[in-house]
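# all I have is the shape, not the residue letters:
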C-alpha cells in the first residue's frame with residue numbers, strides 16, 4: 001500500500017508542476033478507495049479545471065468525474081475526486097491523472113446581472129475620452145474592454161461594489177509592446193454575481209486598497225498610470241467571468257454605465273468623450 005501511495009504522490013507532483021499552484025491537492029488512501037482533496041488558501045473562490053479524464057486500472061469513479069471543481073474561499077478538505085477498487089483481490093493503480101490548472105473565481109457561473117448599472121471609474125465632474133473601445137484594433141481584439149485616456153495620478157474609483165481579491169503596484173515601466181503586458185499595476189474586484197472587474201496600468205505605489213478590502217461604488221481605489229503594455233497614460237477597465245473554454249480563459253462582458261447626471265444609462269463606445 002505504501003508503494004501505491006508513493007506512486008500517487010509522484011503523479012500529483014508531476015501535474016502540479018503544470019498548474020498555477022493556487023490550490024493544494026493531496027490524496028487519502030484507504031483499503032479500497034483513493035480520495036483526492038484540495039485546499040484553497042485564497043480569499044476568493046478558485047476553480048480547478050482538469051484537461052481530461054483519469055486513466056485507471058481496476059478502479060471506478062462513483063458518479064462522474066467533474067472537469068471543473070469550485071473551491072470555496074479559504075477552505076480545506078474539499079473532495080474533488082473519488083476512486084473505488086473494483087476487484088479487491090487484484091492490484092490497482094492510477095495510470096494517469098489529467099493535468100489541471102486553476103482560475104480565480106467560479107468558472108461554473110454562466111449568467112450574471114447584465115442589467116447592473118456601473119458608475120464611471122473616476123470622480124464625478126471629470127470627463128475623459130474612450131481611446132479604445134470594445135474589440136479595439138490595438139489590444140482589444142475579441143475583448144470587451146475600455147481604455148480611458150487620462151493623466152497619470154487621476155483618482156480611480158470603484159465602478160461597482162465588491163471585494164478586492166488582488167492588487168499589484170510595484171511596477172514602474174510601460175511600453176507599447178506585448179512583452180510588457182505582465183508589468184502593469186492593477187486591482188481586481190469580485191462582484192456579488194461572480195463577475196470580476198480589473199483596473200489596469202495604475203501608477204507605481206498608486207493602489208489605495210488591499211486584498212480582502214470591501215469597497216463601495218465610488219470609493220477611491222487607486223491612481224491611474226502608464227505601466228505595462230501601454231502607448232500612453234490611461235485606465236484599462238474590463239469585466240469578465242472565468243471560462244476554461246475561452247482562449248484567454250475568461251469571457252469579457254459589456255457593461256452598462258451611468259453617464260451625464262446619472263439618469264442616462266449606456267454602453268460606452270470608442271472615441272466618445274464622457
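Yep, it's here. Not measured: the values here are computed from a predicted model.
# for the rest of this, base every contact and every neighbour count on C-alpha atoms.
Will do.
# can you give me the helices in the stretch 1-150 of the chain?
Taking DSSP state H, counting those that start in this stretch as the criterion, the stretch 1-150 of the chain contains helices spanning 2-16.
# sketch out the low-pLDDT regions of it for me.
The stretch 1-150 of the chain contains residues with pLDDT under 70 at 1-21, 135-141.
# tell me where it has strands.
Under the criterion DSSP state E, counting those that start in this stretch, strands of the stretch 1-150 of the chain are mapped to 23-29, 33-40, 46-50, 55-57, 59-60, 68-71, 75-85, 93-96, 100-104, 117-118, 129-132, 145-149.
# give me the contacts around the last one.
Outside of strand 145-149, the residues that reach it under the criterion Cα atoms under 8 Å, 6 or more residues apart in numbering are 128-135, 232-239, 252, 254.
# tell me the centre residue of the protein?
residue 104 (3.5 Å; Cα atoms, centre = their mean).
# pretty sure it is in contact with residue 46, am I right?
Yes - using Cα atoms under 8 Å, residue 104 is in contact with residue 46, at 4.9 Å.
# give me the nearest residue to residue 93, chain neighbours excluded.
residue 57 (5.3 Å; Cα to Cα, 6 or more residues apart in numbering).
# hang on, I meant residue 191
residue 162 (4.6 Å).
# distance of the one you found from residue 212?
Relative to residue 212, residue 162 is positioned 10 Å away (Cα to Cα, to the nearest Å).
# quick one: which of those two has more around it?
residue 162 (23 against 15; other Cα atoms under 10 Å).
# for the more buried one, give its distance to residue 256.
From residue 162 to residue 256 the distance is 17 Å (Cα to Cα).
# equivalent analysis for residue 143, please.
Plainly put, residue 143 is 16 Å away from residue 256 if you go by Cα to Cα.
# next one: residue 201
22 Å.
# now find how far off-centre stretch 73-89 is within its chain.
Its chain's average C-alpha position is 26 Å from that of stretch 73-89, according to Cα atoms, centre = their mean, to the nearest Å.
# list the buried ones in it?
Buried residues in stretch 73-89, defined by neighbour count with 16 or more other Cα atoms under 10 Å: 76, 78, 79, 80, 81, 82, 83, 84, 85, 86.
# can you put these in CSV and add distance to residue 39?
Below are those laid out as CSV (distance: Cα to Cα, whole Å):
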residue, distance to residue 39
76, 4
78, 6
79, 9
80, 10
81, 13
82, 16
83, 19
84, 22
85, 25
86, 28
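# so between residue 201 and residue 256, which is more surrounded?
Set residue 201 next to residue 256 and count neighbours by other Cα under 10 Å: residue 201 wins out with 33 against 18.
# show me what the helix or strand the more buried one falls within is packed against.
Using DSSP states H and E, residue 201 sits in strand 196-207. Judged by 3 or more Cα pairs under 8 Å, 6 or more residues apart in numbering; DSSP states H and E, the packing partners of strand 196-207 are strand 185-190, strand 220-224, strand 234-242.
# what sits against the residue lying closest to residue 58 once chain neighbours are set aside?
Distance criterion Cα to Cα, 6+ apart; nearest residue to residue 58, sequence neighbours excluded, is residue 92 at 5.0 Å. By Cα under 8 Å, 6+ apart, residue 92 lies in contact with 56, 57, 58, 59, 85.
# now with 10 Å?
By Cα atoms under 10 Å, 6 or more residues apart in numbering, the contact list for residue 92 reads 4, 32, 33, 56, 57, 58, 59, 84, 85, 86.
# identify the farthest-apart pair in those.
Farthest pair in the contacts of residue 92 (Cα to Cα) is 4 and 86. Separation: 16.0 Å.
# ok, which of the helices and strands packed on strand 196-207 comes nearest residue 124?
strand 220-224 (11.5 Å).
# what's next to the closest one, contact-wise?
121-123, 148-159, 164, 169, 185-187, 199-210, 215, 233-236.
# I'd guessed residue 112 sits against residue 195; true?
Yes - between residue 112 and residue 195 a contact is recorded at 7.1 Å, counting by Cα atoms under 10 Å.
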